[in-house]
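Chemist: give the three-dimensional model of this entry:
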Amino acid sequence: MNAGIGPINYVGDLRDKRFTTTGMKLNGALGITYQAAPKMAATLTLMAGKIGATDAQNGPKWILRNLSFQSVVYEATLTGEYDYKDISQVENAFADQNPVKFTPYIFAGVGLFHYNPYTYDQSGKKTFLAPLGTEGETTPYSLWQFCIPFGLGAKYALNSTTLISAEFNIRKTFTDYIDDVSHFHYLDTAALLASRGQEAASLSYRADEIPNNIYNFKDGYRGNPDKKDGYYSLVIKLSFQLFANRPKFYYGY
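Modeler: Presented below is the predicted three-dimensional model:
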């Protein structure tokens, strides 16, 4: 079994830099691994974390756009892992004068995640965005999406039954709505007000919350539909052997 914790961050329309420490939040994960071969393993992982971003912390050109979101993400992934060195037989290795206790590794797989973006209006009220149709969607976008997790890591055997590891995990997704922002331009606020109501219109275009703001819905960009959203994490994991008499399960995560 393994348990891990570390920072998580988001990539999308409200993040000018692809990789940054700005706005990082926390995620935690639990998993189990089957050692299929000396250097190959399969891991099932459950993760929960929080992501978010605000234009107030975005690049200077986006501050006046004034959009923001947060979301809790729940994720299940199945990944295959390849180790550069074989440390699966640690009991034998520790009996040697020069045991192999450290190895880098790479991994990739498939996953399913759930998200539900929300924001806070000027009064501090928390509002979930998907049902509002802030870009005029006639059908709400799905809050369940597939992803492709991939990355690299390094692990070290503390003893014959315990490992510590660190891994950087990137998720490629197939949605542009993790942040509820996709379209290049705003829908006309009068049309949105008529079709979706006051709350949808107010939370779609928020530049008017800043006094004397020149960022208007006719000329200002809302998002970029050509780039999908995503998220990434750095996790420190502690793993221990689950079945002492089953060598294939050794670092058993």
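
Chemist: tell me which residues in the helix or strand harbouring Thr119 are buried?
Modeler: Assessed by DSSP states H and E, Thr119 sits inside strand 118-120. Residues of strand 118-120 classed as buried under the neighbour-count rule (16 or more other C-beta atoms under 10 Å) are 118-119. For glycine as for every other residue, the C-beta is placed from the backbone atoms N, C-alpha and C.

Chemist: and the most centrally placed residue in the chain, how close does it get to Ala3?
Modeler: Centrality entry for the chain: nearest residue to the mean C-alpha point is Tyr231, 3.2 Å, by C-alpha atoms, centre = their mean. According to C-beta to C-beta, to the nearest Å, Tyr231 and Ala3 sit 20 Å apart.

Chemist: equivalent analysis for Tyr84, please.
Modeler: Taken as C-beta to C-beta, the span from Tyr84 to Ala3 is 24 Å.

Chemist: hmm, back to that, show me what contacts the residue nearest to the centre of the chain?
Modeler: Residues near Tyr231 by C-beta atoms under 8 Å, 6 or more residues apart in numbering: 8-11, 49, 51, 73, 171, 173, 178.

Chemist: in a strand, it, correct?
Modeler: Yes - per DSSP: H, G, I helix; E, B strand; the rest coil, Tyr231 lies within a strand segment.

Chemist: need the per-residue pLDDT for it.
Modeler: With respect to pLDDT, Tyr231 scores 98.

Chemist: the chain: helices as residue ranges?
Modeler: Assigned by DSSP state H, the chain shows helices spanning 90-95, 189-196, 198-204.

Chemist: now those in a markdown table, with mean neighbour count and mean pLDDT?
Modeler: Below are these laid out as a markdown table (neighbours: other C-beta atoms under 10 Å; pLDDT from 0 to 100):
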| stretch | mean neighbour count | mean pLDDT |
| --- | --- | --- |
| helix 90-95 | 15 | 51 |
| helix 189-196 | 15 | 91 |
| helix 198-204 | 19 | 95 |
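
Chemist: okay, those helices in TSV with distance to Asp55 next?
Modeler: Formatted as TSV, the helices of the chain follow (distance: least, C-beta to C-beta, whole Å):
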stretch	distance to Asp55
helix 90-95	49
helix 189-196	18
helix 198-204	13
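
Chemist: out of those, nearest to Glu167?
Modeler: helix 90-95 (18.9 Å; C-beta to C-beta).

Chemist: contacting residues for Ile63?
Modeler: Contact partners of Ile63, counting by C-beta under 8 Å, 6+ apart, are 55-56.

Chemist: distance of it relative to Asp176?
Modeler: In terms of C-beta to C-beta, Ile63 sits 22 Å off from Asp176.

Chemist: cool, and Lys85?
Modeler: For Lys85 relative to Asp176 (C-beta to C-beta), the value is 40 Å.

Chemist: thinking Met1 is in contact with Ala29, fair?
Modeler: No - applying C-beta atoms under 8 Å, one finds Met1 not in contact with Ala29, separated by 11.3 Å.

Chemist: between the two, point out the one with more neighbours.
Modeler: Set Met1 next to Ala29 and count neighbours by other C-beta atoms under 10 Å: Ala29 wins out with 22 against 13.

Chemist: who's the more buried one bridged to?
Modeler: Gly4, Met47 (DSSP bridges).

Chemist: could you do His114 as well?
Modeler: Here His114, judged by DSSP bridges, has bridge partners Tyr74, Trp144.

Chemist: quick one: it from Val235, how far?
Modeler: Per C-beta to C-beta, His114 is found 19 Å from Val235.

Chemist: which one of these two is surrounded by more residues?
Modeler: Neighbour totals were compared for His114 and Val235, and Val235 leads with 25 against 15 (other C-beta under 10 Å).

Chemist: relative to Ala154, how far out is that one?
Modeler: In terms of C-beta to C-beta, Val235 sits 12 Å off from Ala154.

Chemist: need the residues touching each of these two.
Modeler: 166-167.

Chemist: nearest to Gly133, of the helices of the chain?
Modeler: helix 189-196 (4.9 Å).
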